[in-house]
Each structure stands twice: as structure tokens, then as C-alpha cells.
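Participant: this one's structure only:
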């Protein structure tokens, strides 16, 4: 099926925020867009939650209010106290565990050799974001690059870290809380550049050798402000009207308004980005950035949200 033939306006991706919901709004926006940015997308990717997401995307009358939805209330009830500030990366992990998307796999291991034996020192879960530590020592001229952070993670502690497989979608968390002195942990406002080609290591079978697969960031969200306060916004990758993947355009998403088209990363986003969705380059499908006319949604077609 040609999923790009069923196009609706970006009005379908507007969330309300009556209080402390920006963390979930940004997380869900980025997750949904990442799923749709693949040539291989099927409704089955959302499993038993497919009807929930279709209903969400079909909401054209008013901004979608998450805390009025029973599925959302059930999802967060065991995890967060009412009206408190929450972490969007943690919620993304919760969301992935609930949806169980087959295209997403964040399984990784850190291996080392003892004689001729390969030992596993550490590992990550399938539906928990791959966490990269951001520290001032990893910067060049005051900025960091996602590919460089992945290379540092790959060789940390003199071992070899890599994915178990090269999934279509990978979720990466940038941990900005770094120890900067005795008993002092601070949020780092270091810009992290993620717009170009990103190389991700994947183990070859059971040894310590890795191959580097090519990915692009197709969605991300950033946290503005201090760690225990502030605000989350999302960014979605598109392409120009001619479908030129080399010239990326973006949709800047915030609460209570339509996504805003832009050709440059919004100010402060690089310095606040905390979570990114990476799509393997051979399955990525960037949707053209063009004016579209809203159409009545129907259950049998894919609804792609593009900027007007």
C-alpha cells in the first residue's frame, strides 16, 4: 500500500496541556512520527494499541487532552503522582513497554575478552532507550555530536558496546545530568548535533567485532529549563516538496498549537535535546513538506501529519 497517498493536515497532531503534560505530549508526538517515517509501517506496529493511536490522530475538533483518556490514566497511574513534573525519557520507556512495537529494539551489550572467552559486563532492555552520558569532557568547541557520543559509549571502560541487532527504529536518551564536582550533579546545556548521518555500532554474532549501521534522527524532543521544572517540545523531520532527503525540513511541535514548519533547528533545541528517535537509513521515508487540505480520516488509511 502507498501509505503516502492518505494525507491529512497537521491539525491532527495538536495536544492540550492543562497542567504538566508536556512530557507526555512531546514523547507521544515523537514516537508516532518515528513509526510513520518508515517505508515498512503497518498498523500492526502499534499492536493492541492501534485503535488508540488511530483515534488520537482522528481528533480534529479540539486539541487532544491526554489526561482525559482512560488508557493514559491507566498507563501513568502506577508511575507518577498527580500534577507532578515527569521525565519524558522515562515516559517514553513506559510507552514502548505498553505498545511493544516490533520495529523498535534497543537491546545492547557491553562485552570484553577474557582469554578466548567473550564476557558480558552490562546490557540494556529491548524497550528502554539507549542512554548516552553527556559530559563537558566530550565536547569540541563547546558542542557535542551524537555520532561522537555513540563512539565514546562504544569504547567506554576499555570494553566494546553495541546493539544486538540493527533495528528499524532506535530510541536514544541523552543523559544531561553530569557530576561536575564533589556531591555536585548539574544539568548540562551542551548543544548536541544530530541532523546528519549517524553511525550506530552493532555486534557481529557473538564476538566483540561491530559493524556501523547508518541512521538518521527522524524525531526528537528537548527539555527547556531546569531539571525539576521547565518545558518539553518536539521536533519532527520532513523533507522539501520535491522529496529531497538531503534537504531536511522540520515540524516544531508545542502544546496547544499546530506544528510549525522550519528549515533550521529552533533556538535552544540542540542544547536541550534529551531523546531522539533514529531510523535506519534503508527503510526511512521522509514525508514531503507541502500544503495539504484536511480530509475526513478513515480507519483503513494511514494519516500522515504534514505542515500546512
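Facilitator: Structure received. All values derive from a computational prediction rather than experimental measurement.
Participant: I'd say residue 29 and residue 235 touch.
Facilitator: No: applying CB atoms under 8 Å, one finds residue 29 not in contact with residue 235, separated by 9.3 Å. Any C-beta I mention is one placed from the backbone N, CA and C, and that applies to glycine too.
Participant: contacting residues around the helix or strand containing residue 235?
Facilitator: Per DSSP states H and E: residue 235 is located in strand 231-239. Applying CB atoms under 8 Å, 6 or more residues apart in numbering, the external contacts of strand 231-239 come out as 22-23, 25-27, 29-30, 33, 37, 88, 216-225, 245, 247-254, 259, 261, 265-266, 269, 286-289, 306-307.
Participant: buried subset of those residues?
Facilitator: In the contacts of strand 231-239, burial by neighbour count holds for 22-23, 25-27, 29-30, 33, 37, 88, 216-223, 248-254, 259, 261, 265, 269, 286-289, 306-307, counting by 16 or more other CB atoms under 10 Å.
Participant: Among these, name the ones in strands.
Facilitator: Of the buried ones among the contacts of strand 231-239, the ones assigned to strands by DSSP state E are 216-223, 248-253, 261, 306.
Participant: quick check, nearest of those residues to residue 277?
Facilitator: Using CB to CB, residue 219 comes nearest to residue 277 of those, at 4.2 Å.
Participant: burial measure for residue 282, as a count.
Facilitator: Look at residue 282: counted by other CB atoms under 10 Å, it has 11 neighbours.
Participant: residues touching it, list them.
Facilitator: By CB under 8 Å, 6+ apart, the neighbours of residue 282 are residue 214.
Participant: go on, residue 224?
Facilitator: Contacts of residue 224 (CB under 8 Å, 6+ apart): 230-233, 268, 272.
Participant: Which stretches in this protein count as helices?
Facilitator: Assigned helices in the chain, in chain order: 22-36, 50-57, 70-76, 88-99, 146-154, 269-272 (criterion: DSSP state H).
Participant: Would you mind saying which of those lies nearest residue 107?
Facilitator: Proximity to residue 107, assessed across the helices of the chain by CB to CB, is greatest for helix 88-99 (12.3 Å).
Participant: one step back: need the max-distance pair from the ones in strands among the buried ones among the contacts of strand 231-239.
Facilitator: Across these, the longest distance by CB to CB is 25.8 Å; it joins 223 and 306.
Participant: rewinding a little: what touches both of residue 29 and residue 235?
Facilitator: By CB under 8 Å, 6+ apart, the residues touching both residue 29 and residue 235 are 219, 221, 253.
Participant: Could you check how far the second one is from residue 205?
Facilitator: Look at residue 221 and residue 205: by CB to CB, to the nearest Å, they are 35 Å apart.
Participant: swap in the first one?
Facilitator: Distance check for residue 219 against residue 205: by CB to CB, it reads 31 Å.
Participant: what's the answer for residue 224, then?
Facilitator: When residue 224 is compared with residue 205 (using CB to CB), they lie 43 Å apart.
Participant: quick one, phi psi at the residue lying farthest from the centre of the chain?
Facilitator: What lies farthest from the middle of the chain is residue 115; by CA atoms, centre = their mean that is 38.7 Å. Note on residue 115: backbone dihedrals following degrees, to the nearest 10 are phi 70, psi -120.
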